[in-house]
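>>> One predicted model, sequence on top.
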Amino acid sequence: PPLPPPPLMNTTNTRRPPTTTPDLRASFLREIDDLTLKLIDSFKDIVKASKIKEGASNVRADFQIEVEAANLAQTVEALLRVSSELKIAAVVGDIDAGFAEAKELRDRLGKATAAAEAEMVRLGESVAELLPMLEEHYYESMSRLPPPPPPS
């Protein structure tokens, strides 16, 4: 059965806002780092669940892929919420003082993006290397061979 749609994006800020600019910056950076790691973990789990399996475990793998895809979508929504909060903080806060912090944040996000992209490339290469071996194993497995002759 299909999964229910993910909950709508929470537009109300339920967190207690930090009181100083360094606390605000640290809070956003921590949340962005956490969400980025969650995004990478969900992607890794989707790749792991999508490996070739035999028999009834396909249903479980398909369900796990759907769950991880929903987690991925929710994490992206959370990142969009953080982006929106950052924009609001930039408009409301001192914009001149925020330029240096924004540059630092952009640099950290660039590094995190590069690291995430490198990890995804590495995972893709790993899957590409394992796929022929998995296919060979699948085609040589007992489920693909003709049934054994009956005992005499």
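Alright, I've got the coordinates.
>>> How about the residue nearest the centre of the chain: what's its closest non-neighbour residue?
The C-alpha lying nearest the average C-alpha coordinate of the chain belongs to Leu39 (CA atoms, centre = their mean; 2.2 Å). Closest residue to Leu39 in three dimensions, ignoring its sequence neighbours and counting by CB to CB, 6 or more residues apart in numbering: Thr75, at 4.7 Å. The way it works is simple: take the backbone N, C-alpha and C, and place the C-beta from them, glycine included.
>>> mind listing the helices for the chain?
Applying DSSP state H to the chain gives helices spanning 21-49, 57-92, 95-140.
>>> Summarise which helices and strands the last one is packed against.
Going back to what we said before, that points to helix 95-140. Applying 3 or more CB pairs under 8 Å, 6 or more residues apart in numbering; DSSP states H and E, one finds that helix 95-140 contacts helix 21-49, helix 57-92.
>>> can you check the shortest one too?
Using 3+ CB pairs under 8 Å, 6+ apart as the contact criterion, the secondary-structure elements in contact with helix 21-49 are helix 57-92, helix 95-140.
>>> Pull out the buried positions in that helix.
Of the residues in helix 21-49, those scored as buried under the neighbour-count criterion (16 or more other CB atoms under 10 Å) are 24-25, 27-29, 31-32, 35-36, 38-40, 42-43, 45-47, 49.
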